[in-house]
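**Q** Next input, structure requested:
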Amino acid sequence: MRVIPMKENLTTEFKSDKKRYPDNLLIEELVGMANTKGGELYLGVEDNGEITGIYKVHEDINGLKALVANMTVPSLSVRAEILYEDGKKVLKIEIPMSRSIIATTSGKLLKRRLKIDGSPENVPMYPYEINTRLSELSLLDFSGQILSGAKIEDLDPNERIRLKKIIELRHGDSLLLELEDEELDKALQLVKEENGQLFPTVTGMLLIGKEKRLIELMPTAKSVFQVLDGTIVRKNEEFSKPLLETFEIFEENFKVWNPETEIENGLFRIPVPEFSYNAFREALVNAFCHRDYSMLGSVRLAITDEGMTISSPGGFIDGVNLKNLLTVEPHGRNQTLANALKRIGLAERTGRGIDRIFEGSIIYGRPWPDYSESTTTIVKVFIQRAKPNIPFLRMIYEAGRRNGKSLSINSLLILSLIEFERKVTLQGIIQKINLTETRIKANINKLIEEGLIEEIGSRKNKEYILSKSVYMENNNSIGYVRQSGIDAIRHEEMVLKLVKESNNGVRREEVSELLNVSKDKAYLVLKKLVESNKIELIGKGRGAKYFYKK
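**A** The predicted model follows:
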């Protein structure tokens, strides 16, 4: 069985060695991979995957390692081994992703990227990209640096007044309001001292810089608000204003294009917007916070017939990907800017704004936000325009009202997944939500206790569905029977028959064996029969038995 991959990708590279691949080119390939995601280079394999073997000189693994270490700065350490495929030798080189920027001793800085056809290539890493790479690795906070060419006079007093008003309105850190202007600027790191003089930081200029100077010094700090009706452009505004003013403009525009309706729930009315305001706010703050300000491009919000899209230049930083978005520890590209927005009151203080984005769709029974169109150079979230699922919304609302607090994001994710899939296994939930089995089970048990979901099927084929009470509250008994099958009904009948025919009573273990379900599931069936006054429980602990109630 072939162990060498069949094709190249961002982390897999093939190099022919039929004419002895030059050492300097090999070093450049390794540097490019180390400066990107790392990966594996197979020497002795053609671009089409054909195995042709290596030169004798490349069989010296120790010599290769020494060559790589000597021709890179800082020295790159790789692993290498000889593989045998189709009677030929292939040199496999494993390259770790570097936590710093690697160069060749000749001074070349390289990175790796995918071409339009999906094949990989090595390209130069330009000076302006160094800050981007260091930010991705959380080794540099670009937003905390003094902005070259900026002077203290470039900060706008009117924007500082706006900042203070936002702190009051958004319930930010009230202690900031007690500070003088200079102390406020220092506390939020809007300025830094150098040689006894204060200069604006990137964060300072982004938040309260004068518009004209911001355009001159940071031409990348642009944003666009668009509304499209089919192919007709209803609104298309581009801004290069300080972020606090920009955010307020976006907010005002969003309200106009986000109609709201109300549904009745007993004595209460529940407002239902087209798009969740909390999701909009957090997604927009994330876009401004985590974008790469060294790249040309704009933070863009577009509302279309399909939904709302918010995009920002710069891909996910190192350690963040589509699968772990909801579980990875909060960390960002521009930590100084993020901290300032948290203290002002604009950003989620826990750093878990992503939870709000998902919650904003889930509570209305709508599809989850979609980040799948994000790339290595852009982060894009799409929130689908969809009708609210009123029964699901009522269920979430009532659960929160009973508990006196909102359901956790993990519980919401599980409920939403079950609502859309109808039946879900434990492994299905783990795979979709990317949490540990222990945490998933803990949330499932809470939802079962609250009467929101229940188990169906045997131990090996256990699945989860919305509970019978949820279906009944929505007058959907047919839906419940369809999802639960006849097992839930037959289980009670079988247990009742067993208890009726037993003179000495029935233990929970016997019911578990009869139904081929867990003891916990057997207990739930018995509990329902006790509550319906069809059987009675006598005794406690191991001596507990169930008897037919005549």
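**Q** Please point out which parts of the host helix or strand of Tyr42 sit buried.
**A** In this structure, Tyr42 sits in strand 39-43 according to DSSP states H and E. The neighbour-count criterion (16 or more other C-beta atoms under 10 Å) identifies 39-43 as the buried residues of strand 39-43. Just so you know, the C-beta spots here come from the backbone N, C-alpha and C atoms, and that holds for glycine as well.
**Q** Go through these and name the one nearest Ala302.
**A** Among those, Gly39 lies closest to Ala302 (C-beta to C-beta), at 34.6 Å.
**Q** circling back: format the CA atom coordinates belonging to the strand holding Tyr42 as CSV.
**A** Taking Å, rounded to 0.1, in the frame of the first residue of the first chain, the C-alpha atoms of strand 39-43 are listed here in CSV:
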residue,chain,number,x,y,z
GLY,A,39,4.5,20.1,6.0
GLU,A,40,6.3,17.3,4.1
LEU,A,41,8.5,17.4,1.1
TYR,A,42,9.1,14.2,-0.9
LEU,A,43,12.3,14.3,-2.9
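**Q** Can you give the strand pairings for that strand, parallel or anti for each?
**A** Within its sheet, strand 39-43 is paired with strand 12-15 (parallel), strand 88-95 (antiparallel), according to DSSP bridges.
**Q** shouldn't Val227 be in contact with Phe250?
**A** No: between Val227 and Phe250 there is no contact under C-beta atoms under 8 Å: 11.9 Å.
**Q** For those two, work out which one has more neighbours and name it.
**A** Phe250 (24 against 19; other C-beta atoms under 10 Å).
**Q** quick one, the following helix or strand past the strand holding Tyr42 and strand 39-43 angle?
**A** Sequence-wise, the next helix or strand beyond strand 39-43 is helix 61-70, with elements assigned using DSSP H and E. Here helix 61-70 points in a direction 130 degrees away from that of strand 39-43 (axes from the mean of the first three to the mean of the last three C-alpha atoms, to 10 degrees).
**Q** Give the burial count for the closest residue in space to Glu536 that isn't next to it in sequence, as a bare number.
**A** For Glu536, ignoring the flanking residues on the chain, the nearest one in space by C-beta to C-beta, 6 or more residues apart in numbering is Lys549 at 4.9 Å. Neighbour count for Lys549, taken as other C-beta under 10 Å: 13.
**Q** same deal with Thr246?
**A** Number of residues near Thr246 (other C-beta under 10 Å) recorded here: 20.
**Q** quick check, it in a helix?
**A** Yes: counting by DSSP: H, G, I helix; E, B strand; the rest coil, Thr246 falls inside a helix.
**Q** For it, list the residues it contacts.
**A** Applying C-beta atoms under 8 Å, 6 or more residues apart in numbering to Thr246 gives the contacts 223, 239, 288.
**Q** do Thr72 as well
**A** Contacts here follow C-beta under 8 Å, 6+ apart; on that basis Thr72 touches 27, 30-31, 34, 102-105.
**Q** for these, which one is nearest Glu455?
**A** Nearest to Glu455 among the contacts of Thr72: Ala34, at 48.8 Å, using C-beta to C-beta.
**Q** neighbours around the closest residue to the closest one other than its chain neighbours, how many?
**A** Nearest residue to Ala34, sequence neighbours excluded (C-beta to C-beta, 6+ apart): Ser98, at 4.3 Å. Residue crowding around Ser98 was assessed by other C-beta under 10 Å; the count is 19.
**Q** Give me the secondary structure label for Ser98.
**A** Here Ser98 takes the coil state, with states given by three-state DSSP.
**Q** Could you do Glu238 as well?
**A** Glu238 falls in the strand class when you classify it by three-state DSSP.
**Q** Leu177 now?
**A** helix.
**Q** and if you look at the one 5 residues further on?
**A** When states are read from three-state DSSP, the local structure at Glu182 comes out as helix.
**Q** so it makes contact with Leu198?
**A** Yes: using C-beta under 8 Å, Glu182 makes contact with Leu198 at a distance of 7.5 Å.
**Q** So Leu214: helix, strand or coil?
**A** Secondary structure, three-state DSSP: Leu214 is helix.
**Q** thought it was touching Pro242?
**A** Yes: using C-beta under 8 Å, Leu214 is in contact with Pro242, at 6.4 Å.
**Q** Common neighbours of those two, please.
**A** Overlap of the contact sets of Leu214 and Pro242 (by C-beta under 8 Å, 6+ apart) consists of 205-206.
**Q** Excluding residues flanking it in the chain, which one is nearest Glu168?
**A** Distances taken as C-beta to C-beta, 6+ apart put Leu177 closest to Glu168, at 7.0 Å, once the chain neighbours are dropped.
**Q** I misspoke; the intended subject was Ile310.
**A** Closest residue in space to Ile310, ignoring its immediate chain neighbours: Ala283 at 4.6 Å, by C-beta to C-beta, 6+ apart.
**Q** Same check on Lys88?
**A** Nearest residue to Lys88, sequence neighbours excluded (C-beta to C-beta, 6+ apart): Gly53, at 3.7 Å.
**Q** Show the contacting residues for that neighbour.
**A** Applying C-beta under 8 Å, 6+ apart, one finds that Gly53 lies in contact with 17-18, 44, 88-90.
**Q** can you give me the helices in the stretch 251-400 of the chain?
**A** With DSSP state H, counting those that start in this stretch applied, the stretch 251-400 of the chain shows helices at 277-290, 335-344, 353-362, 390-403, listed in chain order.
**Q** Save these as CSV, and put in mean neighbour count and mean pLDDT too.
**A** Shown next, in CSV, are the helices of the stretch 251-400 of the chain (neighbours: other C-beta atoms under 10 Å; pLDDT from 0 to 100):
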stretch, mean neighbour count, mean pLDDT
helix 277-290, 23, 91
helix 335-344, 23, 92
helix 353-362, 23, 90
helix 390-403, 17, 85
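**Q** Reformat these as CSV; add distance to Leu114.
**A** As requested, the helices of the stretch 251-400 of the chain are arranged in CSV below (distance: least, C-beta to C-beta, whole Å):
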stretch, distance to Leu114
helix 277-290, 22
helix 335-344, 29
helix 353-362, 26
helix 390-403, 40
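**Q** right, and those - which one's nearest Asp154?
**A** Asp154 lies closest, by C-beta to C-beta, to one member of the helices of the stretch 251-400 of the chain: helix 335-344, at 16.9 Å.
**Q** Show me what the closest one is packed against.
**A** Helices and strands touching helix 335-344, by 3 or more C-beta pairs under 8 Å, 6 or more residues apart in numbering; DSSP states H and E, are helix 157-169, helix 202-208, helix 277-290.
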